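*Asks:* Build the 3D model from these lines:
(3 chains)
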Amino acid sequence: MERQTSAIEFLDRTAARFPDKTAVTDGEDDYTFSRLRELARALGTLLLKKGLNGRNIAVLLPKKLSALIAFFGCLYGGCTYVPLDIGDATERLNRMIEKVGAPLVITDADNAPRVTGAEILLWDSVPEDVDAAAVEKALTAVIDTDPIYIMHTSGSTGEPKGVVVPHGGVINFANWAASYMGIDERDVIALQSPFHFDASVFDIYVSLATGAGIVIMPDVLTRFPDRIPEFLEENHVTCIFWVPGILADIANSGALSRYKMPELKKFTFVGEVMPPKQLNMWMEANPDRDYINLYGPTEATVACTAYRIDGPVDERESIPIGRAGDNMRLLIITDGGRRADVGETGEICILGSGLALGYYGEKELTERVFVQNPLNKSYREMMYRTGDYGHVNADGDIIFSGRRDAQVKIHGIRVELGDIENAAACLEGVERACALLDKDKNLLLFLQTGEERSQRRLKQLLKEHLPKYMLPDRIYGMTAFPTNKNGKIDRKRLLATAELKSAE
Amino acid sequence: MNTVIARFKDTVKKFPDNIAVEDMDGSMTYRELDNVSEAAAGGIISLLPEGKRNVPVMVYLPRSVASVASFLAVLKTGGPYVPVDYQVPLKRFLSMTAKVGPALIVTDEDGRERLRDSGLDWGTEICLYGELIQARPRPDETAKRLDGAVDTDPAYIMHTSGSTGEPKGVVISHRGIEDYADWLIEEFGIDETSVFGLQSGFHFDNCVLDMYGSLFTGGKMVIIPEVLFMYPTKLIPFMNERKINTVFWVPTVMISVANSGVLGEIRPEYLSTVLFAGEVMPARQLNVWRRAMPDCLYANLYGPTEITVDCLFYVVDREFSDGEAIPIGRDCPNSRVLLLKEDGSLAGVGEEGEICVVGCGVGLGYWNEPELTARAFVQNPLNKKYREIMYRTGDIGYRTAEGLVMYVGRRDNQFKLRGNRIELGEIEQNSLLVPGVERVCALFDGESQEIVLFVKAKTELTLRKFNLELKKYIPKYMLPGRLVVVEDFPYNRNNKIDRGALKEIYLSKEN
Amino acid sequence: MDVEKTIEEYIRDAFEIGDDPELTRDTHLFDEGFVDSLGALQIVRFLEETFSIQITQKDLVLYPMNTINEIAAVVHEKI
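*Replies:* Have a look, this model is predicted:
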C-alpha cells in the first residue's frame, strides 16, 4: 500500500493503471478514469489560477457525474469541498455557504440563480487547460491532516453542523473498506447515497483506490423499490453500500423472487440499524453473498466497524456492528466513566486515524464531543463521543443499542427501543417497526404494514406476541414510513404524525 | 495490524536472509531478528498488566543488536519502547523511570548490577535481555495485541532536556514513524542495498532514520562503535571495511572528520548519501567533504524530537562559500512548517518567526506531563475553524524568496552542543545538588562552544571535581567546560539573575 | 624506553594536569575528567608518532585505553 497525503492521489494512480476503464456512469454520460482526471485537473488549474488554494469550495450539483468532477477538481486545486444538497431551502444553502466561508460555488445553470454572496462557477464552463506544474505543487503542499471535505449533519439546535474530515481519514477508510470487502477493479459499485451524505464517500474513494466502476443510481428509483434489482442486474453491479431502508423496501416489494442479481456479491448496509426480518429475506433469496453490517458516524469518517453476517439471523436480536476497522478503536465507556465490562452497556467512543477535526467554526460544540480519552492520562489522544450506546458481547463484537435517548425504563425495566422494534417487526404483516418516545415520555410504536390494518387488530397482535413491559402506549399503522433525503426513516415526521393524530 | 511491526514483517518476508543489523560482536538477519524479538515479546507479555494497552517498556542496553531486537520485542507487545542511554547518570534514570512508570526495564547483566548496586528503589521489574530471548514465543498473543493496535498509538518515548531539571519523554506514534520513513526511503532512494553507518545513540531520535530506513527496506544498519568517532582517521577504514554507503550524522562528527584531514588520505569509497542534522553544519567543513567526495548526495535535515525526527530538509544543490549559511530547507511531505511572528501572525519572506510544525508527525506530547504538553503542543493560532495541533519548536528562522527556511537561533535558553539538545535550566537545577553550591547560572558560549557555569559557593571548587559530582545527575554532554566562581550575581528588578549583564561582565573579563 | 613514564609525562603536560597526585597510572582519564573526549585523538597521535606504531580501528574497539597502564599495554603489544 503506497503512502499518500491527499486522497486524490488514488485517482492519479488508478488513472495510470486503468486509463481507459469506465470510472463512472450516471445514465447520461460515462467517463473513463483518465478523462475524469483530466477534467478534474482542468478545474483544479482554474481554482489555482483564481488563487483559491486552501479554501473551502461549495458544490451545489445534482447526483451526477458532474459533482464528482467538481469534488476532484477542488482536491487538485488544494481546496476542501463542501457538498450541498440541491433539495435544501435556498436560504439554508446560502447560510451554509457563508458559514464555511466559501468564496466560490461550483454549480449548474439551474441552481446558479439561487446562490447569493459567493462567486459562481458553472461546472461545464471550465476551460480544459491543465497547468500540470501548478497542480503538482498544490498537491505536494497538502498534508493528510488537512481537510478533504466538510459534510453537514443535522444538529440538535436546528443548525446543521459541518463535520471537517481530514484526507488521512478518507485514505484510511477507503484502504480498509476495499481490503475488508475484497474490492478490486472488476467490481461495479452502485452509488445510491446523495453526495451530501457520507455513505457516498465509500463509493467514490473505494472506486478511486481500486479501479472499480461506479454506477450512479437515479434518485427516482428509490420510489420504485421493486425496479431496483432490475437496475442492479442491468448494470452488472457487484457491490452496494446502502442504507437499510431501501434494502428493506426492496425486500418488501417482492422483487427478490424475480431478480437473482447473480453478480451482486458484496452487500453492505450502513447508516442505521438493518431490520433483521428483511435481512433474512435477502439472505434466503440470495445466499452465498457477503452480507456486511457497518457502523460509524460522519465524525469518524463514514464507518469504523464491520460485521460479516454468516447466515440468517435471529429476528429478535440486533445484528452486531462488529469490530473496529483499521486504525480505529472503539471504547465502551460507562456513565460512571470507566471502561465497560463485557455485556455492560455504555457510550460508544471512537479513537484513531479516522477522527474528524471537529465541527467547522464550532469550538464549543467540538470540545463537547471530541475530547481527550478520559482513560488516558499519559499523552494526547482524541476521542469522539458518539452519543450512541452499546456493549461488547462475549465474542468481542459490539452490539449497538441505540442513541443515548433511546433507552427507556418502563416499570423500572430498562428497555432498548431497538428491542421493541425488532420484536414488533417479527409480527405477521409488519414490514418495519419504529419505536419512539414523545415529549411526554410516552412510548409510541409505528408499524409499516403493506396494507391498511385496523388499530385494534395491531394491538391484539402485539399483546399476543410482545412481553408486557414492551407494550407501547400508542400504536400507529401506516403503509409506508416517511424517509428523509438520506433514505433513513424520518423520525421527526413520524412524531409529527403522532401529534396530529392525537390532536384529532 | 497497522504498526511499524507490519512493515518490518513485510521486510522479513521479502529479505529473510539479509543482514538487518550488525555490531562489533555479531549480526542478525531479518529472520533471526524476527524470531528473537518474537521470543522476547513472549517473555515481556507475561509481565505486562492484564487488559492494559500501551504500557511502556524501558530498554537499558549498550548500542547493540540486542537493543534493536528489544525495541522490536516491545513493539510486538503493542506498547512503546523507551530507549535509555547506557551512560545515563543513575539518578536521572531513576527520575525518568518514576515518570514513565514502565512495566519493566530490559537490560544486560552489567546493567542490572549497576541498578542493583545503586541502592535506589526502581519500583519496577528488571529483566535480562539474555533471559527474555529464551522465553517461549507467544505468536497468538502478539498477533492479538497487534490486531487491536492503531497507527495513532505510541511507538516510542524519547527523552529530551527539560528546563525544570528533569528530562521530558516525547511520545511518537507509529504513524509518525511510517510517514517519516516513507519520505526518506523515497527521497534518498533507500533500498535493500543500503548500508547505514549508525552514529547516533538509540536514546537520540536521529537513530530512527537508520533503524526504520533499514527495517522497512531490507537494508543493513551497522552500529559504528562510539570510540571510533573520537578517531576520525580510524573511522574511515572501518566504513570501508563494512561497505557503509549511507550516513546520518551530527555535524560535530562531520566537522571532526573534515578537520582531521583524513579525507585527503583515505576516502569512504562506498559512501553515496551523507545526511546531517542536529545543529548548524558549517559550509567550510561541508566543502571539505564535497571536494573529497564530489559524487555523494548531501542533505541538511532539521527537526526537534517532538515531531518525529525531521520536518525540513535541504538537498545541497549548489556551491556554498566557506562562511555561508546552509538552509534547513523546505517542508518534508506531510508536514507543514509555519513561521509565526510574536503577535501570532505568519511571517513574510525574509521576516523572522518561530518555527512551528503541523501534521501527523507531530508527537503525542510529553509522557505524563499534560501541562508541559499543553504549553508546547497548541492549537494553530491561525486556524480558528477546526482542531489543528501545532508544535512550537522555540527555534527562530525565516524563509527565503525561494521558500527555503534559514535557521537563526533559539528563542529561549535551549541550545545544541555536539548535536545534543540542552536546556540551561537542567544544568542549573542539577548544579544546585553539588555540595556547597548556593546559587548558579549557566550560559552557553557559542564562540568557544562550551557551557560556562557561574557559581556562588561556600567551598572552593575546581571544574574537574565539580563535574565529577554533577555527573551523577546529568549526562556528560551537559557538563560545563568552564567554571566561574562569583561573589554574587547581577540581578534584575524581579530579583532574577540578569543573564544579559552576566554575559557582558564575563565577556569583558575575557577581553 | 619507559613507555609508562613517557605517556604519563605527555598527558600531564598536554592536558595541564601538572603534579596533581590524584592522577595515577590506573586513573580513568576520561571518567575522572582529566582528559576530554577530544583529547583521545591527541593521545593516539602522540603514541603513533613517538613509538612509530599503528593503532588500528580494531585496536581501539577491542582494547580499553582509559588509563595510562591500559594505553601502555597496547603500546607494548605493538613495539
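*Asks:* What's the local residue count around B:Arg375?
*Replies:* By the measure other Cβ atoms under 10 Å in any protein chain shown, the count of residues near B:Arg375 is 11. Glycine gets a C-beta too; all of them are placed from N, C-alpha and C.
*Asks:* Using the three-state scheme, assign residue 196.
*Replies:* As the question left the chain open, I've gone with chain A. What DSSP: H, G, I helix; E, B strand; the rest coil gives for A:His196 is coil.
*Asks:* oops, chain B please
*Replies:* Look at B:Phe196: counting by three-state DSSP, its state is strand.
*Asks:* what separates it from B:Glu504, distance-wise?
*Replies:* From B:Phe196 across to B:Glu504, the span is 46 Å (Cβ to Cβ, to the nearest Å).
*Asks:* ok, now B:Arg439?
*Replies:* Relative to B:Glu504, and taking Cβ to Cβ, B:Arg439 is found at 19 Å.
*Asks:* between these two, which one's more packed in?
*Replies:* Neighbours per residue, other Cβ under 10 Å: of B:Arg439 and B:Glu504, the larger number sits with B:Arg439, 15 against 12.
*Asks:* so when I look at that one, I'm seeing a strand, right?
*Replies:* Yes: assigned with three-state DSSP, B:Arg439 falls within a strand.
*Asks:* Next up, the contacts around the closest residue to it other than its chain neighbours.
*Replies:* Once flanking residues are discounted, B:Arg439 sits nearest to B:Lys456: 4.5 Å by Cβ to Cβ, 6 or more residues apart in numbering or on different chains. By Cβ atoms under 8 Å, 6 or more residues apart in numbering or on different chains, the residues touching B:Lys456 are B:437-440, B:485-489.
*Asks:* Identify the spatial nearest neighbour of the closest residue to chain B within chain C, chain neighbours not counted.
*Replies:* Per Cβ to the nearest Cβ, C:Gln57 is where chain C lies closest to chain B, at 3.8 Å. With sequence-adjacent residues excluded and distances taken as Cβ to Cβ, 6+ apart, C:Gln57 is closest to B:Lys234, at 3.8 Å.
*Asks:* any idea how far chain B is from A:Val126?
*Replies:* 27 Å (Cβ to the nearest Cβ, to the nearest Å).
*Asks:* Can you report phi and psi for the residue in the stretch 401-511 of chain B positioned nearest to chain A?
*Replies:* With Cβ to the nearest Cβ, the shortest gap between the stretch 401-511 of chain B and chain A falls at B:Gly403, namely 10.3 Å. With angles defined as degrees, to the nearest 10, B:Gly403 sits at phi 90, psi 10.
*Asks:* Give the full set of residues in contact with it.
*Replies:* By Cβ under 8 Å, 6+ apart, B:Gly403 lies in contact with B:Arg330.
*Asks:* Tell me where the longest strand sits in chain B.
*Replies:* The single longest strand within chain B, with elements called by DSSP state E, is strand B:389-399.
*Asks:* Which SSE is immediately downstream of that strand?
*Replies:* strand B:405-410 (DSSP states H and E).
*Asks:* Which other helices and strands does that following strand contact?
*Replies:* Counting contacts by 3 or more Cβ pairs under 8 Å, 6 or more residues apart in numbering or on different chains; DSSP states H and E, strand B:405-410 packs against strand B:389-399.
*Asks:* got a list of what the residue in the stretch 201-350 of chain B that chain C sits nearest to touches?
*Replies:* Taking Cβ to the nearest Cβ as the measure, the stretch 201-350 of chain B has B:Lys234 as its residue closest to chain C, at 3.8 Å. Counting by Cβ under 8 Å, 6+ apart, B:Lys234 touches B:228, C:55-57, C:60.
*Asks:* tell me the SS of it?
*Replies:* helix.
*Asks:* how near is it to B:Trp249?
*Replies:* In this view, B:Lys234 and B:Trp249 are 16 Å apart by Cβ to Cβ.
*Asks:* Do I have it right that the residue of chain C closest to chain B meets B:Arg242?
*Replies:* No: assessed by Cβ atoms under 8 Å, C:Gln57 is found out of contact with B:Arg242, at 10.4 Å.
*Asks:* if you count what's nearby, which of these two comes out ahead?
*Replies:* Counted by other Cβ under 10 Å, C:Gln57 and B:Arg242 do not tie: C:Gln57 has more neighbours, with 20 against 15.
*Asks:* re earlier: how much space is there between the residue of the stretch 201-350 of chain B closest to chain C and chain A?
*Replies:* If you measure B:Lys234 against chain A using Cβ to the nearest Cβ, the figure is 40 Å.
*Asks:* helices and strands of chain A: which one has the lowest mean pLDDT?
*Replies:* Within chain A, no helix or strand scores below strand A:407-410, which has a mean of 62 by mean pLDDT, DSSP states H and E.
*Asks:* just chain C next, same as before
*Replies:* Result, chain C / mean pLDDT, DSSP H and E: helix C:57-62, a mean of 85.
*Asks:* On the C-terminal side of that one, identify the next helix or strand.
*Replies:* That would be, after helix C:57-62 and using DSSP H and E, helix C:68-78.
*Asks:* ok, residues contacting that next one?
*Replies:* By Cβ under 8 Å, 6+ apart, helix C:68-78 touches C:3-4, C:7-8, C:11, C:24-27, C:29, C:43, C:47, C:51, C:53-55, C:59, C:63-65.
*Asks:* So A:Lys64 versus chain B, what's the distance?
*Replies:* Relative to chain B, and taking Cβ to the nearest Cβ, A:Lys64 is found at 29 Å.
*Asks:* Without its sequence neighbours, what residue ends up closest to that residue?
*Replies:* Closest to A:Lys64 by Cβ to Cβ, 6+ apart is A:Asp26, at 4.8 Å.
*Asks:* Can you tell me which residues in the stretch 101-250 of chain B are near chain A?
*Replies:* B:148, B:150-152, B:154, B:171, B:175, B:178-179, B:182 (Cβ under 8 Å from any Cβ of the partner chain).
*Asks:* Repeat the analysis, applying 6 Å as the threshold.
*Replies:* With Cβ under 6 Å from any Cβ of the partner chain as the criterion, the stretch 101-250 of chain B meets chain A at residues B:150-152, B:171, B:182.
*Asks:* From these, keep the buried residues only.
*Replies:* B:150-152, B:171, B:182 (16 or more other Cβ atoms under 10 Å in any protein chain shown).
*Asks:* do you know how far the closest residue to A:Leu104 other than its chain neighbours is from chain B?
*Replies:* With Cβ to Cβ, 6+ apart as the criterion, A:Leu104 has its nearest non-adjacent residue at 4.6 Å, and that residue is A:Glu119. Distance of A:Glu119 to chain B, given as Cβ to the nearest Cβ: 20 Å.
*Asks:* Report pLDDT for A:Gly429.
*Replies:* You'll see A:Gly429 listed with a pLDDT of 79.
*Asks:* Pull the contacting residues for it.
*Replies:* Taking Cβ atoms under 6 Å, 6 or more residues apart in numbering or on different chains, we find A:Gly429 in contact with A:Thr449.
*Asks:* swap the cut-off to 10 Å and go again
*Replies:* A:447, A:449-451, A:453, A:457-458, A:461, A:477 (Cβ atoms under 10 Å, 6 or more residues apart in numbering or on different chains).
*Asks:* Let me know the closest of those to chain C.
*Replies:* Using Cβ to the nearest Cβ, these come closest to chain C at A:Leu447, 83.3 Å.
*Asks:* so for the helix ranked longest in chain C, what's the average pLDDT?
*Replies:* Selection of the longest helix in chain C by residue count, based on DSSP state H, yields helix C:37-51. Computed over helix C:37-51, the mean pLDDT rounds to 88.
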